[in-house]
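Enquirer: only geometry, no sequence info:
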């Protein structure tokens, strides 16, 4: 028996395993929307402070992802999509994920308070608590509206970016929040309609399974209708302008048409064309969010040259 | 019995140690950079120097001078 054989059966996590705890793909969306929130604000931010602030927001989002993985390890182990995550696959111990989540949350919040301001740090802390406690621990397993309310956690980053620059909250940042908040349900429910999920096995009440697919289609249409005034309305604030409004009108018409097409369909239609429309609308929803925040950024650049805004 | 130092475990630990090292260096760089930026943003370095947890009027250059 060699001296090392004792530890041969014990997997020690690599740096990549710890990084996977932070849900890097979610982090990339957080970074993009937070950056737009920061850059479109009317108050210039020193580039280094802006960089540190975005880093803090990204790390805070990652930390809440680690806390989510720690809490949801039992249900992650029951679903195909999540069984390969670091904790259910045994690469990272649950206690490590909890420690990393709490430590990174603390670092991100304190550093953001020092680099930017207390309001931004408070909003980041609120987001982390909202995602880890309100969504993961409470709503996710309790109600089919989990996605709706949990979506608020993903909607805060542009508001935090705005708070970093201005030190406050305004109609513009509230509308950016509302845009992501209202966009999340149709985006996820379109996905839920065509992905064969095993949420049921894990005991998570998803709308498609608790209320059926027809109710889900109705919800998609209603939420998309409610999303339109928010998205277009943002164009008439100080960060909007003709370019953004044109993009918003086109994208909302496209998304609304998709939601209407889904609403008209039946399960037989879905089976017949293998969810072609649902998959298409899900893709449109991704372009939708990117186009809106991209247009806000372009509008801000145009304003620098005196041609943006109303 | 001699230790087989080239065990896969060591490679992974080495990667982790380097990762933690880089993170610490990054953290130091961020704190240092923030300090420099925050101090420079004061515009006048005297503002920083004349407040060392308590106001230090004895080193304010224009203290007592006519306006």
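Expert: The structure has been received and is ready for your questions. Nothing here was measured: the structure is a model prediction, and the numbers come from that model.
Enquirer: what does chain B have sitting close to chain A?
Expert: By the rule CB under 8 Å from any CB of the partner chain, the part of chain B lying against chain A is B:1, B:3-4, B:7, B:9, B:12-13, B:15-16, B:18-20, B:30, B:33-34, B:37, B:41. The way it works is simple: take the backbone N, C-alpha and C, and place the C-beta from them, glycine included.
Enquirer: show me the residues you listed that map onto helices.
Expert: Using DSSP state H, the subset of the residues of chain B next to chain A located in helices is B:9, B:12-13, B:15-16, B:18-20, B:30, B:33-34, B:37, B:41.
Enquirer: pick the one among those closest to chain A.
Expert: Among these, residue B:19 lies closest to chain A (CB to the nearest CB), at 3.6 Å.
Enquirer: quick one: contacts for that closest one?
Expert: Neighbour list for residue B:19: residue A:15 [criterion: CB atoms under 8 Å, 6 or more residues apart in numbering or on different chains].
Enquirer: once you drop chain neighbours, what's closest to the residue in chain A that chain B sits nearest to?
Expert: In chain A, the residue that lies nearest chain B is residue A:15 (3.6 Å; CB to the nearest CB). Excluding its sequence neighbours, the residue lying closest to residue A:15 (CB to CB, 6 or more residues apart in numbering or on different chains) is residue B:19, at 3.6 Å.
Enquirer: what's the answer for residue A:218, then?
Expert: residue A:263 (6.8 Å).
Enquirer: what parts of the stretch 51-200 of chain A come near chain B?
Expert: Listed as neighbours of chain B in the stretch 51-200 of chain A under the rule CB under 8 Å from any CB: A:52, A:55, A:111, A:114-115.
Enquirer: for the residues you listed, work out which two are farthest apart.
Expert: Greatest spatial distance in those: A:55 and A:114, 12.7 Å, computed using CB to CB.
Enquirer: can you pull out the helices in chain A?
Expert: With helices called from DSSP H, chain A shows them at A:15-20, A:24-39, A:47-71, A:73-76, A:94-115, A:118-129, A:146-166, A:171-194, A:199-202, A:207-210, A:212-233, A:242-264, A:267-272, A:276-304.
Enquirer: hey, least reliable of those helices by pLDDT?
Expert: Note on these: helix A:199-202 shows the lowest mean pLDDT, a mean of 80.
Enquirer: buried residues in it?
Expert: Residues A:199, A:202 are the ones in helix A:199-202 that count as buried (16 or more other CB atoms under 10 Å in any protein chain shown).
Enquirer: centroid residue for chain B?
Expert: Geometric centre of chain B, nearest residue: residue B:32, 3.1 Å, by CA atoms, centre = their mean.
Enquirer: check the gap between that residue and chain A for me.
Expert: 11 Å (CB to the nearest CB, to the nearest Å).
Enquirer: from the ones in helices among the residues of chain B next to chain A, which has minimum pLDDT?
Expert: pLDDT across those is lowest for residue B:9, at 72.
Enquirer: give me the neighbour count for that residue.
Expert: The number of residues packed near residue B:9 is 14, by other CB atoms under 10 Å in any protein chain shown.
Enquirer: before we move on, what about residue A:221?
Expert: With other CB under 10 Å as criterion, residue A:221 counts 18.
Enquirer: isn't it right next to residue A:261, touching?
Expert: No. With contact defined as CB atoms under 8 Å, residue A:221 does not reach residue A:261; the gap is 9.8 Å.
Enquirer: next secondary structure after the helix or strand of chain B with the lowest mean pLDDT?
Expert: Lowest by mean pLDDT, DSSP states H and E among the helices and strands of chain B is helix B:45-49, with a mean of 69. Where DSSP states H and E defines the elements, the next helix or strand beyond helix B:45-49 is strand B:51-52.
Enquirer: can you give me how far the very next helix or strand once past that next one is from the chain middle?
Expert: Sequence-wise, the next helix or strand downstream of strand B:51-52 (DSSP H and E) is strand B:54-55. Taking the mean of its C-alpha atoms, strand B:54-55 sits 23 Å from the chain's own mean (CA atoms, centre = their mean, to the nearest Å).
Enquirer: can you check stretch A:115-132 too?
Expert: 15 Å.
Enquirer: quick one, what contacts residue A:22?
Expert: A:59, A:61-63, A:65-66, A:104.
Enquirer: what about residue A:292, neighbour count?
Expert: 24.
Enquirer: still on that earlier bit, what's the separation between the residue nearest to the centre of chain B and residue B:39?
Expert: Separation of residue B:32 from residue B:39 (CB to CB, to the nearest Å): 11 Å.
Enquirer: residue A:299 contacts residue A:245, correct?
Expert: No. Residue A:299 is beyond contact range of residue A:245, at 9.2 Å (criterion: CB under 8 Å).
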